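> please work out how this folds:
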Amino acid sequence: MLTRRAFLGSTAAFALAGKAAPLREFAYSHVRLTEGPVAAMYRRLQAHYLKLDEDRLLKVYRQRVGMPAPGRDMGGWYDAEGFVPGHLIGQFISGLSRLYACTGDPEARAKARRLTLGYAETFDRDGNPYASPKASATWACYVLDKYEIGLLDAAALAEIAEARTLLPRVIEGAMRFIPDHTFDRIGVHNPPYDEPYVLPENLFQTWTLTGDRRYFDLAKRYLLDRDFFDPLANGDNVLPGRHGYSHVIALSSAAKAYQTLGEEKYLRAIRNGWDMIEQAQQYASGAWAANETFVRPRSGELAATLTRTRDHFETPCCFYAWAKVARYLTTFTGEAKYGDGLERALFNTILGALDPDDDGGYFYYSDYQSKAHKTYYKQKWPCCAGTLLQSVADFPLNLYFQDARGVYVNLYAGSELRWKQNGVPVRITQRTAYPESEQIVIQVDPESPVEFSIRLRIPAWLDKPAPMEVNGKPAGGNAGRGAWAELSRRWHKGDTIELRLPFSTRFVPIDETAPNTVAVMRGPLMLTAVDPPDDFTISASQIATMRPFYLLGRETYSTYFQRVRA
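Next up is the predicted model:
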């Protein structure tokens, strides 16, 4: 059996053959969420996904091979003639495996294993991995990528041996349906919609897992170099008109290519892509790609979306893509700016998603038009049902990073981190309700005194210093906004760091062409006006009544307002 430790070890050794990163992620098992809104969402969604009806998820696969197929039809996107038949099962296996790796919950592993074996039983009947002819004809690469991550995570994180042997067989079964070359989805409005350029990241990981060179060669084949990565690496902004989620998730394939092949152009591509999005595509929340499409920068198109659509951000899917790129870039560069971007999207997009119901109702688009309200997507079981689970299961990965000298606190959320520093077991506990509170308390508990550094991300949005104390005494940390404050010392059990991030109010224009159309931010949070009157104006008294987007339920709200300059 391939253990998680062995898989992660092989991954690390493999990465060194390409580019070794200055920072490293912690494993899922090192972090626990304990309190505050991030932990609360994690617990709610864990309970939701553990209740999923497995017979319903497997039904379309069992029907295809003529097996008994109990349970109700899933409906929506999922059934044989749905928009993307059978698309979620790989993501559900992936997310459940990640939940198990973090929490040790045996039911999460058992459910992932039952779904893996149930799917394998249908696959073994004829070697066809897809749920129906429609799935293989319209979305062969898109769905294969989800099978791959499900089986990769089941093998590496949940130690499901059957997943390791099933994975190469599923890829082999899919080969007759997927194209023999990569191509771009740009401008495609009718089926087939497929996205072969999303495949390389997980194909590189499959090579790592199996050692089979064929998957390395396939990964290189599907890299979208000529049309996307090469121009991005050269500083050419080729984002406008492209599909939001699939092209940002493709940046993770560039990241894996950089890690594996060692070619600097891939790092330039993802860094430039991030900057192009952050500088000219984003709403105040950190969202991007209205109607799932990037706009022409500084053209007025972004401002125009506030009245032309209500589909401003494909929330769970695009957050998932953004968070992955943020983690890659943090490890590759060691820069705090990517934590700022991740924080912004976490607290203002995914954390504000409505909890799903028990029959396929899921939150999809964030709406920034005037007099908006949150709703489920118009069809059941959309793609965001899968990325919601994976996004939330990955929350612990976003919080901390490490290098040889110590630990980086990237996001502030009630949590506990356990690892060994210089051979000494250490526990760090964050006690905070952030972002409902400005105050963060971090307790350090090594088993024996040990010297190392703790670096705290100081957000770029601050407009005044962030007071910091160690054991009740002021600690400098030597960091400005948008950087890491470093505390290096010999730590003893019970040492305490107190950090306050003073929130202040600021206005964020939608873009350069509409400088007086603004959203209101307080600290890391985008505020909304709940049930606003038609004559709502921005004033100190009105701002005091506004509410963060993530705390909204189904109330009517507005996000952008006209600012009248004196």
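> which element is the residue nearest the centre of the chain on?
In the chain, the centroid-proximal residue (CA atoms, centre = their mean) is residue 320; its distance is 2.4 Å. Per DSSP states H and E: residue 320 is located in helix 315-333.
> same deal with residue 554?
Secondary structure assigned from DSSP H and E places residue 554 in neither a helix nor a strand.
> pull the contacting residues for it.
Residues near residue 554 by CB atoms under 8 Å, 6 or more residues apart in numbering: 354, 373-375. No exception for glycine: its C-beta is placed from N, CA and C like everyone else's.
> just to revisit the earlier point, if I look at the residue nearest to the centre of the chain, what pLDDT would I see?
We have a pLDDT of 98 for residue 320.
> now do the contacts for it.
With contact set as CB under 8 Å, 6+ apart, residue 320 has these partners: 249, 387, 390-391, 394.
> relative to residue 124, how far out is residue 275?
Applying CB to CB, to the nearest Å, the value for residue 275 to residue 124 is 47 Å.
> more neighbours: which of those two?
Remark: of residue 275 and residue 124, residue 275 carries more neighbours, 14 against 11, as counted by other CB atoms under 10 Å.
> for this protein, which spans come out with low pLDDT?
1-20, 187-191, 477-478, 565-566 (pLDDT under 70).
> which one's the longest helix in it?
With secondary structure taken from DSSP state H, the chain has its longest helix at helix 106-126.
> now the element after that one, going C-ward?
That would be, after helix 106-126 and using DSSP H and E, helix 133-138.
> now that next one: buried residues?
Neighbour-count burial for helix 133-138, counted by 16 or more other CB atoms under 10 Å, picks out 134-136, 138.
> just how off-centre is it within its chain?
27 Å (CA atoms, centre = their mean, to the nearest Å).
> name the helices or strands packed onto whatever helix or strand comes next after that helix?
Per DSSP H and E, the first helix or strand lying C-terminal to helix 133-138 is helix 140-156. Judged by 3 or more CB pairs under 8 Å, 6 or more residues apart in numbering; DSSP states H and E, the packing partners of helix 140-156 are helix 4-17, helix 89-103, helix 106-126, helix 161-174, helix 200-210.
> got the angle for helix 140-156 vs helix 106-126?
Computed with axes from the mean of the first three to the mean of the last three CA atoms, to 10 degrees, the direction of helix 140-156 lies at 130 degrees from that of helix 106-126.
> give me every residue that touches residue 394.
So residue 394 contacts 98, 320, 323-324 (CB under 8 Å, 6+ apart).
> if we can go back for a sec, which of the contacts of residue 320 sit farthest apart?
By the measure CB to CB, 249 and 394 form the most distant pair in those, at 13.5 Å.
> before we move on, the earlier item: just the buried ones among the contacts of residue 554, please.
Among these, the ones that count as buried by 16+ other CB under 10 Å are 354, 374.
> ok, which pair from the contacts of residue 554 is furthest apart?
Maximum distance among the contacts of residue 554 (CB to CB): 10.2 Å, for 354 and 373.
> can you give me the helices in the stretch 201-350 of the chain?
For the stretch 201-350 of the chain, the helices defined by DSSP state H, counting those that start in this stretch occupy 213-221, 230-233, 244-261, 264-280, 301-308, 315-333, 337-348.
> how about residues contacting the second one?
Spelled out, that is helix 230-233. So helix 230-233 is contacted by 238, 265-266, 268-270, 272-273, 276 (CB under 8 Å, 6+ apart).
> just the buried subset of those residues, please.
By 16+ other CB under 10 Å, the contacts of helix 230-233 give 238, 265-266, 268-270, 272-273, 276 as buried.
> quick one on the thing from earlier: now the angle between helix 89-103 and the helix holding residue 320, please.
Using the same axes, to 10 degrees: helix 315-333 against helix 89-103 is 60 degrees.
> helix 315-333 vs helix 337-348, what angle?
Going by the same axes, to 10 degrees, helix 315-333 makes 160 degrees with helix 337-348.
> chain neighbours aside, what residue packs nearest to residue 43?
residue 33 (7.9 Å; CB to CB, 6 or more residues apart in numbering).
> in which helix or strand does that neighbour reside?
strand 31-35.
> now rank the contacts of residue 394 by neighbours and give me the top one.
When neighbours are counted by other CB under 10 Å, residue 320 leads these with 26 neighbours.
> residue 507 in helix, strand or coil?
At residue 507 the chain is in strand, as set by DSSP: H, G, I helix; E, B strand; the rest coil.
> distance of the closest residue to residue 422 other than its chain neighbours relative to residue 415?
Closest residue in space to residue 422, ignoring its immediate chain neighbours: residue 450 at 5.6 Å, by CB to CB, 6+ apart. Distance, residue 450 to residue 415, by CB to CB: 20 Å.
> again, but for residue 165
From residue 165 to residue 415 the distance is 35 Å (CB to CB).
> same check on residue 555?
Distance from residue 555 to residue 415, by CB to CB: 30 Å.
> neighbour count: those two, which is higher?
residue 415 (25 against 13).
> which SS state does residue 457 fall under?
strand.
> how many neighbours does it have?
25.
> which residues touch it?
Counting by CB under 8 Å, 6+ apart, residue 457 has contacts 336, 339-340, 408-411, 483-485.
> same thing but 10 Å
330, 336-340, 342-343, 401, 408-412, 479, 482-485, 501 (CB atoms under 10 Å, 6 or more residues apart in numbering).
> could you do residue 365 as well?
287, 290-292, 309-315, 318, 372, 374-375, 377-378, 382, 384.
> what subset of those residues is buried?
Of those, these count as buried by 16+ other CB under 10 Å: 287, 290-292, 310-315, 318, 372, 374, 377, 382, 384.
> ok so, going back, so which of the contacts of helix 230-233 comes closest to residue 474?
The closest of those to residue 474 turns out to be residue 270 (CB to CB; 38.3 Å).
> one step back: tabulate the helices of the stretch 201-350 of the chain in CSV, adding columns for distance to residue 159.
Shown next, in CSV, are these (distance: least, CB to CB, whole Å):
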stretch, distance to residue 159
helix 213-221, 21
helix 230-233, 37
helix 244-261, 23
helix 264-280, 31
helix 301-308, 45
helix 315-333, 23
helix 337-348, 29
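> so for residue 461, which of those sits nearest?
helix 337-348 (7.3 Å).
> what angle separates that closest one from helix 264-280?
Angle, helix 337-348 to helix 264-280, by the same axes, to 10 degrees: 50 degrees.
> what is the subsequent helix or strand relative to helix 337-348?
strand 365-366.
> partner strands of that following strand, with direction?
Within its sheet, and counting by DSSP bridges, strand 365-366 is paired with strand 313-314 (antiparallel).
> and the residue nearest to residue 298 when sequence neighbours are not counted, what does it touch?
The spatially closest residue to residue 298, leaving aside those adjacent along the chain, is residue 512, at 5.3 Å (CB to CB, 6+ apart). Going by CB under 10 Å, 6+ apart, residue 512 touches 280, 297-300, 302-303.
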